[in-house]
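In: Quick one, fold the following:
(one chain, ligands or ions: 2)
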Amino acid sequence: MPDELRKGLEGVLVAESSLSDIDGEEGRLVYRGYAIEDLARNTSFEEVLYLLWEGHLPTESELEPFEEQMAEERAVREEVLSTVRELAAAEENPMAALRTAVSMLSAYDPDDSTGEAGDGEIAQRKGRRITAKMPTIVAAYKRLRDGEEPVAPRTDLSHAENFLYMLNGEEPAQTLADVFDMALVVHADHGINASTFAAMVTASTLSDLHSSVTSAIGALKGGLHGGANQNVMQMLLELDESDLTAVEWAREAVESGDRIPGFGHRVYDVKDPRARILSAKSKALGKAADELKWYSYSRAIEEFMAKETGIAPNVDFYSASMYYEMGIPIDLYTPIFAMSRVGGWVAHVLEYQEENRLIRPRARYVGPEDREFVRIEQR
Ligand SMILES: CC(=O)SCCNC(=O)CCNC(=O)[C@H](O)C(C)(C)COP(=O)(O)OP(=O)(O)OC[C@H]1O[C@@H](n2cnc3c(N)ncnc32)[C@H](O)[C@@H]1OP(=O)(O)O
Ligand SMILES: O=C([O-])CC(=O)C(=O)O
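Out: Residues are numbered from 1 along each chain as shown. Ligands and ions are numbered 1, 2, ... in the order given. Here you go, the predicted structure:
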């Protein structure tokens, strides 16, 4: 029995992985050896999915059928949409609605989950279907919640374009689709983060992929993980409503011991490279719309935090103002994160199951010992 306790599993190695690597001291992130900056600038989300799932960047002749397969899987059955309708009517949180709907997809998946146990090919097919369908669920939820009918997916648009089309009922401007596609690229994988680990823990019992992804969505939802992007925007809105400057706001929060959402990271000691990429986009979108307020608040908070605490922004900090500038409702930011991260969840499950071992850590028992049992009538 080991005696060193690592709360939060900090620094514990649980697996070997060739998917993504993080240099937390230098602020570098690579997917399968490619720098995130190069991927963000030059690849589509579909190419990144292919990279994560197949191990190499696709050639044009590999990418085309892959994109077609993904596009053909976008439609979601009426039974699932009708549950989404009920959840939207009940004002269920959209991450919770997504979690429920993804779980429900399992019932209609052509691959039977009973025979799945550790079968990589089945998990890969399911991974493709779940990834293709998640944007349809998120867009349908948003439209139903707004009293509109869902827009059916199209197969002639990219993953990013099609999501924005289903969300707004019209084809997006190319510049917006490109920014959104880049956001999907930079959120797709990040080592053994909490939601990926949740997916792996579930997979390690030889459960099915829908269960893994459902576990992961639940883990991503929390404010210490993916849910922080929504909290960042709520904070910026509250700051805007207040009489304080951004620096005064941040100082007050830090002095009262509050955590500023979008700051700090378990692995990075310096600025998250994704925050660098997203902050440039947030600035560019703000400039184009002649509304730099959200970016400027964010910059001022970043500068204050760097000077006063040395704590740097993570991926969730600038995605918030960027999505806001794109007109995306705040409570969809985390579901959008999930629409991208599902690529990493599936890849890690597939990789882990190649040499699966049940994940089962221990706790140091600190409860009472040797108590005398007393029957209920005598207690
Ligand atoms: C996609 C993602 O999941 S990225 C992370 C998204 N989450 C957030 O942005 C929420 C805000 N951030 C945090 O709560 C944390 O930084 C986490 C959860 C991300 C990482 O937590 P941990 O690795 O456990 O760091 P830990 O909680 O030990 O913090 C270390 C120190 O930095 C401080 N700190 C960490 N984050 C913040 C923050 N956002 N604001 C203010 N102080 C902070 C802590 O108070 C602590 O200080 P102390 O040692 O004086 O007590
Ligand atoms: O790696 C982490 O712990 C959190 C994170 O940034 C991510 O999941 O993208």
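In: From ligand 1, how far out is Tyr108?
Out: Separation of Tyr108 from ligand 1 (Cβ to the nearest ligand atom, to the nearest Å) stands at 30 Å. From N, CA and C alone the C-beta is placed, and that goes for glycine too.
In: quick one: contacts for that residue?
Out: Tyr108 makes contact with Arg77, Glu79, Val80, according to Cβ atoms under 8 Å, 6 or more residues apart in numbering.
In: State the phi and psi torsions of the last one.
Out: Note on Val80: backbone dihedrals following degrees, to the nearest 10 are phi -70, psi -40.
In: didn't it look like it was pressed against Ile137?
Out: Yes - counting by Cβ atoms under 8 Å, Val80 touches Ile137, with 7.2 Å between them.
In: ok, those two, which is more surrounded?
Out: When neighbours are counted by other Cβ atoms under 10 Å, Val80 and Ile137 differ, and Ile137 comes out ahead with 29 against 21.
In: Give me the spatial nearest neighbour of that one, chain neighbours excluded.
Out: Nearest non-adjacent residue to Ile137, counting by Cβ to Cβ, 6 or more residues apart in numbering: Ala101, 4.6 Å away.
In: wait, does stretch 274-283 make contact with ligand 2?
Out: No - applying Cβ under 6 Å from any ligand atom, one finds that stretch 274-283 is not in contact with ligand 2, the shortest distance being 7.4 Å.
In: Would you mark the buried spots in that stretch?
Out: Across stretch 274-283, burial judged by 16 or more other Cβ atoms under 10 Å covers Arg274, Ala275, Arg276, Ile277, Leu278, Ser279, Lys281, Ser282, Lys283.
In: and it, does that touch ligand 1?
Out: No - Stretch 274-283 does not reach ligand 1 (Cβ under 6 Å from any ligand atom); its nearest approach is 8.9 Å.
In: in the stretch 51-200 of the chain, which ranges drop under the pLDDT threshold?
Out: For the stretch 51-200 of the chain, applying pLDDT under 70 flags the ranges 113-118.
In: Just the helices from it, written as ranges.
Out: Under the criterion DSSP state H, counting those that start in this stretch, the stretch 51-200 of the chain contains helices at 60-72, 78-89, 94-108, 120-145, 159-168, 174-187, 194-204.
In: again, but for the stretch 251-379 of the chain
Out: Residue ranges of the helices in the stretch 251-379 of the chain, as given by DSSP H, counting those that start in this stretch, are 273-288, 293-308, 315-325, 333-354.
In: Around ligand 1, which positions in the stretch 101-250 of the chain sit nearby?
Out: The interface of the stretch 101-250 of the chain toward ligand 1, taken as Cβ under 6 Å from any ligand atom, is made up of Leu224, His225, Gly226, Ala228.
In: so who does the third one touch?
Out: This means Gly226. For Gly226, the contacting residues are Ser195, Leu220, Asp316, Thr334, Phe337, Ala338, Arg341, taking Cβ under 8 Å, 6+ apart as the criterion.
In: one step back: distance to ligand 2 added to the helices of the stretch 51-200 of the chain, as CSV?
Out: Supplementary listing: the helices of the stretch 51-200 of the chain in CSV, determined by distance: least, Cβ to the nearest ligand atom, whole Å:
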stretch, distance to ligand 2
helix 60-72, 22
helix 78-89, 25
helix 94-108, 15
helix 120-145, 17
helix 159-168, 19
helix 174-187, 7
helix 194-204, 6
